[in-house]
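S.K.: Generate coordinates for the sequence data below:
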Amino acid sequence: MKLVVRVIEAKNLPPTDPNGLSDPYVRLQLGKHRFRTKVIKKSLNPKWNEEFSFRVDDLNEELVISVMDEDKFFNDDFVGQLRVPISIVFEEEIKSLGTAWYSLQPKSKKSKNKESGEIRLSIYFSQKNASMESNGSDDLLLHPRTKESPSRSSPGHSNSSSLSSEEITSAKDEKSGTHKTITGRIAQIFNKSSDIYSTRRSIDLDPSEICKVEVSEMNDEDQSSNETFEEAMRKIQSEDQGNEIPSNLPAGVFIDQLYVIAPEDLNELLFSSDSNFLKSLAEVQGSTELEIGPWKFENDGEILKRLVTYVKAPSKLIKAVKAYEEHTYLKADGKNFAVLASVSTPDVMYGSTFRVEILYVITPGPELPTGEQCSRLIVSWRMNFLQSTMMKGMIENGARQGMKESFDQYATLLSETVKPADPKDLSSNKEQALASLHAEPESDWRLAVQYFANFTVFTTVFMGLYVLVHIWLAAPSTIQGLEFGGLDLPDSIGELVFCAVLVLQGERLLGIISRFIKARAQKGSDHGIKAQGDGWLLTVALIEGSNLASVDSSGLSDPYVVFTCNGKTRTSSIKFQKSNPTWNEIFEFDAMDDPPSVMDVVVYDFDGPFDDAESLGHAEINFLKANITDLADVWVPLEGKLALACQSKLHLRIFLDNTRGGNVAKEYLSKMEKEVGKKINLRSPQTNSAFQKLFGLPAEEFLINDFTCHLKRKMPLQGRLFLSARIIGFHANLFGKKTRFFFLWEDIEEIQVIPPTFSSMGSPIIVITLRKGRGVDARHGAKTQDEQGRLKFHFQSFVSFNVAHRTIMALWKARSLSPEQKVEFVEEQSDSKSLISEESGSFLDLDDVSMSEIYSCSLSIPASYLMEIFSGGELDRRVMEKLGYLNYSYTPWVSENRDISERAVYYKFEKRISSYKGEVTSTQQRSPLPDGKGWLVEELMNLHGVPLGDYFNIHLRYQIEDLPPKAKGCRVQVLFGIEWLKSSKNQKRLTKNILQNVQERLKVTFGLAEKELSPK
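M.R.: The predicted model follows:
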């Protein structure tokens, strides 16, 4: 296993020579082996384009990359350095860090030049078993001071010039100890406060000692410069090992559209080097200097990549900047394609701290009525922050806005080039798809032949006839032994064995006859039974099965399929003695008032009237997670031990339609008002769209209500609980860390209420317990898992607990109970409770909060002393009393990881502070500053019992930093922001009122702290 490092270029290097320039070169070291590039004379932005290979024997080693300035008369000057732990390269899924810009670190923290420039590298593992070698494209300057290591020789280069390298016999001592975490390794690379390589061996660069070796051009087996895009596709398709299609990236989806074009043609249009699509897109977006690099195989032909560069047009926020896009094929099997684009813009502010990753996925779409092929294109994205920054929220919001505008132009241009699929054509495809199915009728004679044409029946009949003929020909025997008149016992062992065999054969024949009778009775299925009523109409076409398991020695089975949805079942016919049966049967479920959440599919093996049917496999169709257009023609893999062993699948066509027209939301909410016992206002399309986008739900899902609350896990997590007809979901965005999950109402087994406790801040707790094996995707939000494997979710600190609890219970019972139980429950609720008006305001999409400075001061006490106001000690209590806060309570600081701790705080307002005497629940998070000279405390506050308290959250960020030693003391900077959860006409007035209160609180807090903590 070898590590390949390509040194491409550097920029913004600090000048080290009197002429304001440098003569830079790069020195690379891994373990005892060292290489160096050629020297670029008089340049601060050198380009090397040289590649080096290291054999890796220990993943705990570090690759040390040093940029030096050549000085012929004195020791070379140190410019900057980078340390890359080998383990983080190995732990990447593709064993590669890709091509990226890295910030160089100074020699020490006390260095005058804090900015050492940036270097562009490509680092990846090659599985090719090669020795230490260099295959740079340019001349390589090496120092032949030590004898060449035998391990560096390579048979493949016996005819080329041999390369020599420096070997250092006493390298820096290897750090032993515990294995570092991935977070620690990444921080060691990118955090400026990490320890810098402090020792440097001086190298005398006497020209007489420099050996310039010409590296012969190698015939790279992984890449041919004249290889066409079609040849590259054929090569990667031949090596595709059935990898799964990658799922959408978490930041969101920009494009999800069907186009009338074959998948391979769409892939060629978007990514072929000969396509003009990118050039046209650059013209539309105003980008210039577009350079599209050729597709190249890397990592011994395992990875196909290319580099696209361009100068992005200036916008209102940023000037024109150069962008680098590295495209990598993740999958290409001829029908499905996935390309990951990693976009870097190092010239923008904080550009070296992040990359934007875009995933393009092309899959086959449903067949159109015209017979044309259809493709589905999904474009999703995410931000990949290489190092932490306080500007993370601002960077992500700016990137989201810019990407949305760019991909709107992308989608418009693509629609002009390729015709999008018409939804009407897709809906009419249902009738065409179902009309082409014809179930094969099965006669009684054919069924009888399948059951009775076998060896067991023939031998049993033959033996029976043989015995009857023997009885007719033989004379009656005399009575002997224990026999008496009418009882003739076997007279020998042979007769006894024959009788036993005859009895067993007769029993087997009777079993076959009973199975035949049962099969003839069940020969008809639910195929052709029409649905009744208006509402949500579910139609399922069962086409065929593949590789169904067998439970007997014949290697075949008698399969039939049972579909279950909303408590109703449909059963297919039995296909006897088949492992790849064909049904071509259509099943319609009676119209449902509520849209279905899931449909269970179970394949059984028929085994007679008195035996329990054995499952050959099962599957679940989740209508909330699957796109209904994808279900129009789908192969469903079956689960279960037998099914997984045989890789069993079913071919289905599933259609879900609403026959009631366009007023679905109003009718549904009117019905739910009676069941919930609460007036429900229809949410705006924008609100429902934001809700659907937040959880990735289909368009027919409507938001019923949402509540501010805490999710209780190790620490309370403040967020919002969303309720709809089919799901209960939770979303939180705490200090930039997002938590999101949902589960179905049908997944809930029981709901309990725990009385208020001190740990729950005086609030009742709603405990939701899921059925065993359900809600697996939401397990990261569960507080515990009981002995039976059931997940338990704890929700507390609701603004209005009674309304929240009543709504949750009503929706759960209305969804999970039978129709008769629903009516009884609604009547009980209607008799005891009148309709309560829905609170006004609309739910807003939850994004990062914009923060602004509202307070700053310098205090004469160290930062460590000032942190006493967040410790929960006596000073903390005195500050809260001085501010007029009652019943102050808090939880201990709990460490989330090595540096970050959290705690929860609760208190009430005195009447002089707020006439409403409201309550506050707050989550605080503290962490040391990167340089270790202070603290960062972030606080998220939620107000209860005050008007419009559930419309917003208050965000505070305290940065407490020690002043230089001569100045003594610390500096405090406080940033403030409001996260609006619902829209309100009074936002400005509320903001002004809250801001004044917070500023007054900060003055009192830090004034009292300085007075109490200053030395006397």
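S.K.: For the chain, which residue occupies the most central location?
M.R.: In the chain, the C-alpha closest to the average C-alpha coordinate belongs to Pro250, at a distance of 5.7 Å (C-alpha atoms, centre = their mean).
S.K.: May I ask you to confirm that that one is in contact with Arg382?
M.R.: Yes: with contact defined as C-beta atoms under 8 Å, Pro250 reaches Arg382; the gap is 5.5 Å. Placement of C-beta: from N, CA and C, glycine included.
S.K.: isn't Leu866 right up against Leu963?
M.R.: No: applying C-beta under 8 Å as the test, Leu866 and Leu963 come out as separate, 11.9 Å apart.
S.K.: Need the overlap of contacts for these two.
M.R.: Counting by C-beta atoms under 8 Å, 6 or more residues apart in numbering, the residues touching both Leu866 and Leu963 are Cys970.
S.K.: just the helices in the stretch 501-650 of the chain please.
M.R.: Taking DSSP state H, counting those that start in this stretch as the test, the helices found in the stretch 501-650 of the chain are 641-646.
S.K.: What are the boundaries of the strands in the stretch 601-750 of the chain?
M.R.: Along the stretch 601-750 of the chain, counting by DSSP state E, counting those that start in this stretch, strands occupy 614-622, 634-637, 649-658, 703-712, 716-724, 727-734, 737-744, 748-754.
S.K.: now those strands as JSON lines including distance to Phe952 and mean neighbour count?
M.R.: Shown next, in JSON lines, are the strands of the stretch 601-750 of the chain (distance: least, C-beta to C-beta, whole Å; neighbours: other C-beta atoms under 10 Å):
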{"stretch": "strand 614-622", "distance to Phe952": "34", "mean neighbour count": "18"}
{"stretch": "strand 634-637", "distance to Phe952": "44", "mean neighbour count": "14"}
{"stretch": "strand 649-658", "distance to Phe952": "37", "mean neighbour count": "19"}
{"stretch": "strand 703-712", "distance to Phe952": "9", "mean neighbour count": "23"}
{"stretch": "strand 716-724", "distance to Phe952": "12", "mean neighbour count": "22"}
{"stretch": "strand 727-734", "distance to Phe952": "13", "mean neighbour count": "20"}
{"stretch": "strand 737-744", "distance to Phe952": "18", "mean neighbour count": "18"}
{"stretch": "strand 748-754", "distance to Phe952": "27", "mean neighbour count": "14"}
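S.K.: so which of these comes closest to Ser852?
M.R.: strand 727-734 (18.4 Å; C-beta to C-beta).
S.K.: same question for that closest one, mean pLDDT?
M.R.: Confidence over strand 727-734, taken as the mean pLDDT, stands at 90.
S.K.: The chain should start at 12 in everything you say after this.
M.R.: New numbering, starting at 12: the last item is strand 738-745.
S.K.: who's in contact with it?
M.R.: Identification of contacts with strand 738-745 by C-beta under 8 Å, 6+ apart yields 608, 635, 705-706, 708, 712, 722, 728-733, 749-756, 759, 779, 792, 806, 819, 822, 857-859, 934, 936, 951, 990.
S.K.: Okay, now the unreliable bits of the stretch 62-211 of the chain?
M.R.: Along the stretch 62-211 of the chain, segments meeting pLDDT under 70 span 83-85, 120-125, 138-211.
S.K.: before we move on, what about the stretch 712-861 of the chain?
M.R.: Ranges of the stretch 712-861 of the chain meeting pLDDT under 70: 769-773, 827-859.
S.K.: Can you give me the neighbour number for Thr471?
M.R.: Neighbour count of Thr471, defined by other C-beta atoms under 10 Å: 20.
S.K.: Now it: phi and psi?
M.R.: Note on Thr471: its backbone torsions stand at phi -70, psi -40 [degrees, to the nearest 10].
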